[in-house]
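>>> mind looking at a prediction? Sequence and model below.
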Amino acid sequence: MQDKASERAAMPKGTSVILDDRSLEHSYATLIPLLKPGMHVLDVGCGTGAITAGIADFVGPEGSATGIDSSEHLIAKGLEDQQGTANLELITADLYTWQPNRKFDLIVSARVLQWLNDPLAALVRFRELLQPGGHVSILDYNHTKLEWQPAPPASMRRFYQAFLQWRADAGMDNEIAEHLPTLFEKAGYRNIQSFNADETYSRAQAGFTNKAAIWSKVAELRGPQVVDHGFITEAERLQAIEEYDAWTLSTAQSMIMKLNDVHASL
């Protein structure tokens, strides 16, 4: 099961289209109250470092932001995009084998534990990398509660359910946002707090079509894997993309992606 999850979680080439659109202020605002000048912060599953760079700015020159990701092509793009930020380091690394030369005041991970079949093991590993009294922040989804208004085409609803089944088949938790507090307790953390961090988009907002189109991008980038593993046909995938794109341009009014940010300390 672990090998299956690792294989399916691997970020396909082109995924940076989604990751590069994120920022600390717009994609992880609930983290900002935890950030203090001089902190040394580890961002696990940092992708291209778009959020990590924002963390580096907040902690300032006396602090540091280190991002690790197992996808070499994402780190390579991040090193190019974020060059010039002196207190930022991006590293291709495996969380469980990487041996940094320091421990961290804060470990963060945004939209990453949803891709693991054993998120508890990751939280236990975070403990080993934290300074005494250090903090952890995990931001993640409850994919089963996604809200569209009005309902998108049946072809996209079919693809979305296939996508969730494909994830569940690999042991990934589609409702991990709701289960994080319990996982923190099992890993031995204290002072566990959960904050709502829903991503809410409406037609009245600038850039709505691009935000709503994330599921077209998922069908484009992740969809071939869902097809290859037999959860939907290629014809159904292509139909979902075509009809959903038309829906986002003409009919869609709102989309809410359900997220929680859970903070805890040692």
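It's in.
>>> after the helix-or-strand element of the chain with minimal mean pLDDT, next one along is what?
For the chain, the helix or strand with the lowest mean confidence is helix 16-19, at a mean of 70 (criterion: mean pLDDT, DSSP states H and E). With elements assigned by DSSP states H and E, the helix or strand that comes after helix 16-19 is helix 24-27.
>>> extract the CA atoms of that following helix and return them as CSV.
What follows is the C-alpha trace of helix 24-27 in CSV, where atoms were taken according to Å, rounded to 0.1, in the frame of the first residue of the first chain:
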residue,chain,number,x,y,z
LEU,A,24,1.6,32.5,1.7
GLU,A,25,-0.9,35.3,2.0
HIS,A,26,-3.5,33.8,-0.4
SER,A,27,-2.9,30.1,0.1
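>>> so what secondary structure elements neighbour that helix?
Taking 3 or more Cβ pairs under 8 Å, 6 or more residues apart in numbering; DSSP states H and E as the contact definition, the neighbouring helices and strands of helix 24-27 are helix 50-59. For the C-beta atoms, the positions are set from N, CA and C on the backbone; glycine is no exception.
>>> tell me the average confidence for the next helix or strand after the helix it packs on?
Sequence order places strand 64-69 as the next helix or strand after helix 50-59, per DSSP H and E. For strand 64-69, mean pLDDT is 98.
>>> strand 64-69 to helix 50-59, inter-axis angle?
Following axes from the mean of the first three to the mean of the last three Cα atoms, to 10 degrees, one obtains 170 degrees for the angle between strand 64-69 and helix 50-59.
>>> and strand 64-69, which strands flank it?
With DSSP bridges as the test, strand 64-69 is paired with strand 40-44 (parallel), strand 88-92 (parallel).
>>> quick one: the helices in the stretch 101-250 of the chain?
119-129, 154-169, 176-186, 208-212, 214-221, 223-228, 234-250 (DSSP state H, counting those that start in this stretch).
>>> run through who's touching the fifth one.
Taking Cβ atoms under 8 Å, 6 or more residues apart in numbering as the criterion, the residues outside helix 214-221 that touch it are 12, 14-15, 17-18, 152, 156, 159-160, 163, 237, 240-241, 244-245, 248.
>>> now do it: distance to the chain's middle.
For helix 214-221, the distance between its averaged C-alpha position and the chain's averaged C-alpha position is 15 Å (Cα atoms, centre = their mean, to the nearest Å).
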